[in-house]
Every structure is written in structure tokens, then in C-alpha cells.
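> Mind looking at a prediction? Sequence and model below.
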Amino acid sequence: MSNATRGLGRSVVVTGAGSGIGRATALRFAEEGARIVIADIDGEAAQAVADEVAQAGGAAVAVAGDLREQTVVDRVVATAVEEFGGIDVLVNNAGIMDRMSAAADTEDDEWERVIGINLTAPFRLTRAALPHMLAAGKGAVVFTASEASLRGSAAGAAYTASKHGVAGLTKSLAVMYRDKGIRTNAIAPGGTVTNIRVEAERGAHGPTALAAYMGNVGTPAQADEQAAAIVFLASDAASNINGVILPVDNGWSAV
């Protein structure tokens, strides 16, 4: 890999890094010499990934907790600063699916949980990381958006709204901080092999209505294919890419 894409010495925070796309992303950054904060709600999973990085000769520290809690957000940022001297790259990857519920069938708890984890938590973590990036005069933020940030036919009301919000936040950050040395982009994964479960209610209006569109998904990606795009967007090879929502979906968004 060229020097332009390597992350040698960079301090990187990856959320949802205990499994799936987050784990693959953390391991890819570690291969390039980055130092990683592995953040996940599952402490055992986070530590297992940190151990994988260490066994491969890299540097990583695990932070467990629910990023909807400000104290957890503060701990993630403080850990990156104390252990690795700052935050060069923030990967806002943690997220959950909804139940594919249509708006009329979406209960408050489903809405609030999905919005809280998928949109409010990454906003708060980005807000907490920005002062450190601004002080350094540089930084890269990458969000995991979704095919559901591009269309209304890929998930339920809560998930779709949350990922459209992520796309909007990505673009706002790109505009606001483009002259401060900070770039913000997002990937929009299509179907991807991960452990995220969709607990759709069989026969409900939402899943039934969406079924007609899901045949366009195509061959699902592997988590490492999504990770490759994230690492690229965070790298110097993408130095003039800012405010992009990049589909990594085997052409689904082109159908």
C-alpha cells in the first residue's frame, strides 16, 4: 500500500468496533500502523478486537459503553487523547436496525432508540472530538450511513430517518470545517454480511411494503469491503474528497 494511504502513527477512534464493519475497519487501520480506540457497547467484544490488534503487533485500547450516554462519549475522547495524543480520525460506525416499521406502526421506544444510537450518539461524539481536531488543524471524520440514507425503500421509518440525518450531518460538517483542515465523508453500505439482526414483525405493513424492493440488493458485501472504503476516505489519498456519501452497495443505488 502506498504511503499516501497508510495511517502510520495516526490516532483513530472506531465505534461499533466489536464486530462487523467496525471490527474490520479497526483491523485495517491497525495493519497500516494506526493506534486504535475500540469503542463498543459490548465490552468483551471490544476487548477481543483490541487483543487481535495487539497480537498483530499494533496498539489498541478498548472502551465499553452506550454512546447515548455523554459520560461514555467523554471517556472515548479522553482515552484517545490520553493514550494516543489526540484524534486524527473518527469513524462513527455504531448503529442498529429498526424493525422495518412503517411510520404508523413505529412506537416511541423504537424511534427514540434508533435515532439515539444512529444519529444523536455520533453527533455528540463528533462534537466532542472536533476541538481536538481543530487544535491540530486537521482531521478526518467518516460516518457509516446506509443505502437507507439515499432512498426510502431500504428500511423502516426510524432507520431511514436516522440515516438521512447522518447524510445531512456529514454534509454540514464538510461545509462548516472545510477550511479548518477537517474532512467529513460517509459510506452508504448496501447489503453486508454482519451480525446485525432485523427483528421485523411478520406480516406488518412496513416489511410487506419493502419486500417488493429488496430484490435489488444484489450480492451482499463482506465487512472488509466496507472497511476498505472507510479507510480510503480517511486517508491522504482522499485529501480532496469532502462531503461525499459513497455507496458501497454493488450498484444497488444505481438500479
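Okay, I see it.

> What is the distance between whichever strand or helix holds residue 185 and the centre of its chain?
Under the criterion DSSP states H and E, the helix or strand holding residue 185 is strand 182-189. Here strand 182-189 is found 9 Å from its chain centre; the criterion is Cα atoms, centre = their mean, to the nearest Å.

> quick one: low-confidence parts of the protein?
1-8 (pLDDT under 70).

> Quick check, central residue of it?
The C-alpha lying nearest the average C-alpha coordinate of the chain belongs to residue 93 (Cα atoms, centre = their mean; 1.7 Å).

> Okay, now the sheet partners of the helix or strand following the strand holding residue 185, with direction.
Downstream of strand 182-189, the first helix or strand assigned by DSSP H and E is strand 192-193. Sheet pairing of strand 192-193 (DSSP bridges) gives strand 221-222 (parallel).

> Tell me the residue in the chain that is farthest from the middle.
residue 203 (30.6 Å).

> Which stretches in the stretch 1-150 of the chain count as strands?
In the stretch 1-150 of the chain, the segments counted as strands under DSSP state E, counting those that start in this stretch are 11-15, 35-40, 59-64, 89-92, 139-144.

> Export these as JSON lines, with columns for distance to residue 248 and mean neighbour count.
(C-beta placed from N, C-alpha, C; glycine too.) Formatted as JSON lines, the strands of the stretch 1-150 of the chain follow (distance: least, Cβ to Cβ, whole Å; neighbours: other Cβ atoms under 10 Å):
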{"stretch": "strand 11-15", "distance to residue 248": "16", "mean neighbour count": "28"}
{"stretch": "strand 35-40", "distance to residue 248": "21", "mean neighbour count": "29"}
{"stretch": "strand 59-64", "distance to residue 248": "24", "mean neighbour count": "21"}
{"stretch": "strand 89-92", "distance to residue 248": "14", "mean neighbour count": "30"}
{"stretch": "strand 139-144", "distance to residue 248": "10", "mean neighbour count": "28"}
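
> In TSV: the ones you listed, plus distance to residue 83.
Formatted as TSV, the strands of the stretch 1-150 of the chain follow (distance: least, Cβ to Cβ, whole Å):
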stretch	distance to residue 83
strand 11-15	8
strand 35-40	7
strand 59-64	5
strand 89-92	15
strand 139-144	17
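
> Of the ones you listed, give the one that comes closest to residue 161.
strand 139-144 (15.1 Å; Cβ to Cβ).

> tell me what the closest one is packed against?
Here strand 139-144 touches strand 89-92, helix 121-136, helix 157-177, strand 182-189, helix 223-234, going by 3 or more Cβ pairs under 8 Å, 6 or more residues apart in numbering; DSSP states H and E.
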